[in-house]
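Asks: coords below, sequence missing:
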DNA sequence: CCTGAAACATTATACTATTGCATTACCCCG
DNA sequence: CGGGGTAATGCAATAGTATAATGTTTCAGG
């Protein structure tokens, strides 16, 4: 199985293909929407997808600074705004989500169409799984309107142990 | 109505009494548990309860620095760890929650007994309402176990417009 | 009293994010 | 194909959030 978009990735997960597919889908979406996926944005997206776990903005920044050095620009500095601007763009396009409880970012598993989603986040290994559930969305909406509140955006993050860390814990 | 623990506070909300009750409840709980509610902790709790909206750690810090100056200690400095230690204690005791999407803190409306809770947070005025709902907890648990995940702690934050900001918006 | 654990003070520093302004790249139109 | 406007970047500084490390004080219970 290459993709692991509806479960925590197992040992047979082909992440190279997973990453490739995510980038491909992003290119297609941007093309369809007429927005530009520039080299910096592409690289940030790639780094966000490096693991199935949230990645910090400054981790991305360090990688990009390393890139720049290798490209023969020893004094080259990539600055924080470069990363944050790319992340803002990717979030606007629904390609990346922010994990609020960690101030970190993760690639979106279902970038087509807007959606409210939640995350299951493993304390142990850091892996995070995006979950989308109509019942949950409906319930959140109903809780809000019960209090006269107009819901616009929701954050749902559940911290705990993923299946494989659970087995190891015994 | 003095307390506004299950709805957004209206214009008739008596916040003085609300604050007083919250502090009283905290004192009783700490006494019952045999933990110390020191002056610093009490002051931080009071500042967290100053509004029905999340308060930043550094806002609390500034207030406490102002306190210290007034108390005739012109060079007195309250440092960040003082505030963070108190917040950690208050969170352990379930007296304060962190609002992850804002890196800010808010007093807990139902400090007796542990609970998973969520927040409705107004974009406009910043007010936040703590909500607790068994159906929601159950659903989150079932979503987790559906993916073989062991849920330990959850963050639910819904951003939007509170009733009064909704009326004004027209 | 004495003492040990908890709480606190202080300094420094790490980590996360934004502002403002100058410059460059790209696309559309003429 | 060249000018002109918008989008994207580069760059420097700074704001905002949080913790590490170390030493000192406080205080309940023996």
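Replies: Here it is on my side, so go on. Keep in mind that this is a model prediction, so the values were computed, not measured.

Asks: quick one, strands of chain A?
Replies: Along chain A, counting by DSSP state E, strands occupy A:96-99, A:104-107, A:118-122, A:128-131, A:150-161.

Asks: what lies in contact with the first one?
Replies: Translated: strand A:96-99. Outside strand A:96-99, the residues within contact range by C-beta atoms under 8 Å, 6 or more residues apart in numbering or on different chains are A:45, A:48, A:54, A:87, A:90-91, A:104-108, A:117, A:119, A:121, A:128, A:130, A:157. C-beta: built from backbone N, CA, C; applies to glycine.

Asks: in its sheet, what does it sit against?
Replies: Note on strand A:96-99: by DSSP bridges, its sheet partners are strand A:104-107 (antiparallel).

Asks: is DNA strand D within reach of the strand it pairs with?
Replies: No. Strand A:104-107 lies apart from DNA strand D when judged by C-beta under 7 Å from any atom of the strand; the minimum separation is 12.7 Å.

Asks: among the contacts of strand A:96-99, which are in reach of DNA strand C?
Replies: residue A:104.

Asks: would the lengthiest helix in chain A count as contacting DNA strand D?
Replies: Longest helix in chain A by number of residues, with DSSP state H as the criterion: helix A:15-33. No. On the criterion C-beta under 7 Å from any atom of the strand, helix A:15-33 is out of touch with DNA strand D, staying 9.1 Å away.

Asks: tell me the buried residues in that helix?
Replies: Neighbour counts using 16 or more other C-beta atoms under 10 Å in any protein chain shown place A:18-19, A:22-23, A:25-26, A:29-30 of helix A:15-33 among the buried residues.

Asks: got CSV for those residues, with pLDDT and distance to chain B too?
Replies: Below are those laid out as CSV (pLDDT from 0 to 100; distance: C-beta to the nearest C-beta, whole Å):
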residue, pLDDT, distance to chain B
A:18, 96, 18
A:19, 97, 22
A:22, 97, 20
A:23, 97, 25
A:25, 96, 22
A:26, 97, 25
A:29, 95, 25
A:30, 96, 26
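
Asks: quick one: which of those is nearest to DNA strand D?
Replies: residue A:30 (9.1 Å; C-beta to the nearest atom of the strand).

Asks: just checking, residue A:5 touches residue A:109?
Replies: Yes. Residue A:5 lies in contact with residue A:109 (C-beta atoms under 8 Å); the separation is 4.3 Å.

Asks: more neighbours, those two?
Replies: Between residue A:5 and residue A:109, counting by other C-beta atoms under 10 Å in any protein chain shown, residue A:109 is the more crowded of the two (20 against 15).

Asks: residues in contact with the more buried one?
Replies: Here residue A:109 is in contact with A:5-6, A:130 (C-beta under 8 Å, 6+ apart).

Asks: return, as residue ranges, the portions of chain A with sub-threshold pLDDT.
Replies: Scanning chain A for pLDDT under 70 picks out A:1-4, A:72-76.

Asks: returning to that earlier point: need the max-distance pair from the buried residues of helix A:15-33.
Replies: A:18 and A:30 (19.0 Å; C-beta to C-beta).

Asks: distance of residue A:56 from residue A:47?
Replies: Noted for residue A:56: a distance of 10 Å to residue A:47, by C-beta to C-beta, to the nearest Å.

Asks: quick check on these two: which one has the bigger neighbour count.
Replies: For residue A:56 and residue A:47, the more surrounded residue by other C-beta under 10 Å is residue A:47, and the numbers stand at 21 against 14.

Asks: can you put the contacts of residue A:109 in CSV and add distance to chain B?
Replies: Converted to CSV, those look like this (distance: C-beta to the nearest C-beta, whole Å):
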residue, distance to chain B
A:5, 12
A:6, 8
A:130, 11
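
Asks: and which of those is nearest to residue A:41?
Replies: residue A:130 (20.3 Å).
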